[in-house]
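> Any chance you can model this:
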Amino acid sequence: TNNYTDSRRLQGFTDQIFKNNLVIRPEVLEPGVTYIFTLECTYVNEGLTTTSFIEVVTNGPPSSGSLSVIPYNGTSMETNFEASAMRWVDDQIPLSYSFGYIENDGRESIVQDKDEVPSSTMILPAGLESSNSMRVVSANVYDFLGAATQITDQVQVLFVEITTEALTESITDNLGATNA
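Residues are numbered from 1 along each chain as shown. Predicted coordinates for the structure are as follows:
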């Protein structure tokens, strides 16, 4: 408690008010929660107390949506999988979406970077035989302030043997579609 008894010392008090801040470490407050902060000041010599409150609502990530990937099964290098993020809700709009898949080592490979389009078409690599050729598809849904939710779905992507000529044709077709 600061106890100031003469006006000369009060001049420095005003400066100190603006230098002292409540600093909260990142990720300490829960997302989507209302917090009430209370400041109580007491002037000890006079026995006077005043209290002030501030209500802070933390931003939460988008919620209540789903991810759908069709078809459920296909082959690597051939099947176009359509991932759609549907029915996401958040107060901080517009929402944006990124799509990808989880590599065998657990890293996420992004196929479509952040965009307001809630769907993406992708060709996926084959899943591992040891996991019945299942591949995890991911979608990240972001609100305008950057809070994000990740959701995943699984599809079966079978390995397909392909000749060099067919691979060249597939790459040429896909590059042509990208440049069109």
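> Buried residues, stretch 47-63. List them.
Across stretch 47-63, burial judged by 16 or more other Cβ atoms under 10 Å covers Gly60, Pro61, Pro62. (C-beta placed from N, C-alpha, C; glycine too.)
> just stretch 133-145 next, same as before
Neighbour counts over stretch 133-145 (16+ other Cβ under 10 Å) mark Ser133, Arg135, Val136, Val137, Ser138, Ala139, Asn140, Val141, Tyr142, Asp143 as buried.
> Endpoints of stretch 106-119, how far apart?
Using Cα to Cα, to the nearest Å, the end-to-end distance of stretch 106-119 comes out at 22 Å.
> Show residues contacting that stretch.
82-86, 88, 94-103, 120, 122, 138, 140, 142 (Cβ atoms under 8 Å, 6 or more residues apart in numbering).
> Selecting buried members of those in PyMOL, what would you type?
Applying 16+ other Cβ under 10 Å to the contacts of stretch 106-119, the buried members can be selected in PyMOL as follows:
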select buried, resi 83+84+85+88+95+96+97+98+99+100+101+120+122+138+140+142
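> Which ones among the contacts of stretch 106-119 lie within strands?
82-86, 96-102, 120, 122, 138, 140, 142 (DSSP state E).
> Val23: what secondary structure?
With DSSP: H, G, I helix; E, B strand; the rest coil as the basis, Val23 sits in coil.
> can you redo the buried residues of stretch 133-145 as CSV with pLDDT and distance to Gln156?
CSV is the format used below for the buried residues of stretch 133-145 (pLDDT from 0 to 100; distance: Cβ to Cβ, whole Å):
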residue, pLDDT, distance to Gln156
Ser133, 95, 5
Arg135, 97, 7
Val136, 97, 11
Val137, 98, 11
Ser138, 98, 16
Ala139, 98, 18
Asn140, 98, 23
Val141, 98, 24
Tyr142, 98, 28
Asp143, 97, 32
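> Which one of those is nearest to Tyr35?
Asp143 (19.1 Å; Cβ to Cβ).
> Walking through the chain, point out its strands one by one.
34-43, 48-57, 66-70, 73-75, 81-86, 96-102, 108-115, 119-122, 134-142, 148-158.
> and these as JSON lines, adding distance to Leu167?
Formatted as JSON lines, those follow (distance: least, Cβ to Cβ, whole Å):
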{"stretch": "strand 34-43", "distance to Leu167": "56"}
{"stretch": "strand 48-57", "distance to Leu167": "53"}
{"stretch": "strand 66-70", "distance to Leu167": "24"}
{"stretch": "strand 73-75", "distance to Leu167": "13"}
{"stretch": "strand 81-86", "distance to Leu167": "19"}
{"stretch": "strand 96-102", "distance to Leu167": "20"}
{"stretch": "strand 108-115", "distance to Leu167": "19"}
{"stretch": "strand 119-122", "distance to Leu167": "18"}
{"stretch": "strand 134-142", "distance to Leu167": "20"}
{"stretch": "strand 148-158", "distance to Leu167": "17"}
